[in-house]
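Chemist: Here is my input, please return the structure:
(2 chains)
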Amino acid sequence: AQSVAQPEDQVNVAEGNPLTVKCTYSVSGNPYLFWYVQYPNRGLQFLLKYITGDNLVKGSYGFEAEFNKSQTSFHLKKPSALVSDSALYFCAVRVRDSSYKLIFGSGTRLLVRP
Amino acid sequence: DGGITQSPKYLFRKEGQNVTLSCEQNLNHDAMYWYRQDPGQGLRLIYYSQIVNDFQKGDIAEGYSVSREKKESFPLTVTSAQKNPTAFYLCASSTPAAGRYEQYFGPGTRLTVT
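Modeler: Numbers count the residues shown, from 1 in each chain, chains lettered A, B, ... in the order given. Here you go, the predicted structure:
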């Protein structure tokens, strides 16, 4: 069965420090992986994706993610956090059938303190 | 929130009434999805549609119904059979063209049933 896990309910970081939001996945074959961000009472915004190629993927707002096949991980990173990065972050993996469905993790709340 | 609109943003209904949530997209995407989000939880798939006049049940379809008469529109009806309908509802769309498997989300509708 395909699944994605976000082991941390909340991540706290000081502004200016690097941040990491963790994601691990379980899928047969090569995974298609995604990160989304959600601000309060808003829809999800697409940040970045890994389909194939370079293991380090760069996305919107200075975020990047590192695909690690051996550890089945796709952690979201940013070198220097901003207070405005505080939001709910979701990792997702594409279901390996013709439906194009995504399976979402439970979400990680990022709190960046000034 | 891209080219996906959901209306209304807030919706209040009495228990026992059916209610229809609107979702429209101008992205020319083939696939559309409805998700439910509860506080502190991730997204759960209600229904999805890959083509006009066809749709499939997701993980929590009971108490919901959909239609897909036009490519641009995918309305969701929350029926009186849904036992706990109060939630945040998100609509999304996607297209596999050019490897763009990511989904794009609308701003959401918060439904409160009392």
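Chemist: Just checking whatever helix or strand A:Val57 lives in against chain B, any contact.
Modeler: Per DSSP states H and E, A:Val57 falls inside strand A:56-58. No. Judged by Cβ under 8 Å from any Cβ of the partner chain, strand A:56-58 stays clear of chain B, getting no closer than 12.1 Å. C-beta here means a position set from N, CA and C on the backbone, and glycine is covered the same way.
Chemist: Now B:Gln50. Nearest residue, chain neighbours left out?
Modeler: B:Ala31 (4.9 Å; Cβ to Cβ, 6 or more residues apart in numbering or on different chains).
Chemist: From B:Gly58, how far off is the one you found?
Modeler: Computed as Cβ to Cβ, to the nearest Å, the B:Ala31 to B:Gly58 distance reads 12 Å.
Chemist: okay, how far is it across stretch A:48-58, tip to tip?
Modeler: 7 Å (Cα to Cα, to the nearest Å).
Chemist: go on, stretch B:19-37?
Modeler: For stretch B:19-37, the end-to-end distance is 17 Å (Cα to Cα).
Chemist: low-confidence ranges in chain A?
Modeler: Of all residues in chain A, none has pLDDT under 70.
Chemist: Check which residues of stretch B:87-98 are buried.
Modeler: B:Ala87, B:Phe88, B:Tyr89, B:Leu90, B:Cys91, B:Ala92, B:Ser93, B:Ser94, B:Thr95 (16 or more other Cβ atoms under 10 Å in any protein chain shown).
Chemist: Please name the residues that touch the first one.
Modeler: With contact taken as Cβ atoms under 8 Å, 6 or more residues apart in numbering or on different chains, B:Ala87 is in contact with B:Arg36, B:Gln37, B:Asp38, B:Arg110, B:Leu111.
Chemist: What residues are bridge-paired with it?
Modeler: B:Leu111 (DSSP bridges).
Chemist: which ones are touching the closest residue to chain A within chain B?
Modeler: Distance from chain A to each residue of chain B (Cβ to the nearest Cβ) is smallest for B:Phe105, at 3.7 Å. Shown in contact with B:Phe105 (Cβ under 8 Å, 6+ apart): A:Tyr36, A:Gly43, A:Leu44, A:Gln45, B:Asp1, B:Gly2, B:Ile4, B:Leu90, B:Cys91, B:Ala92.
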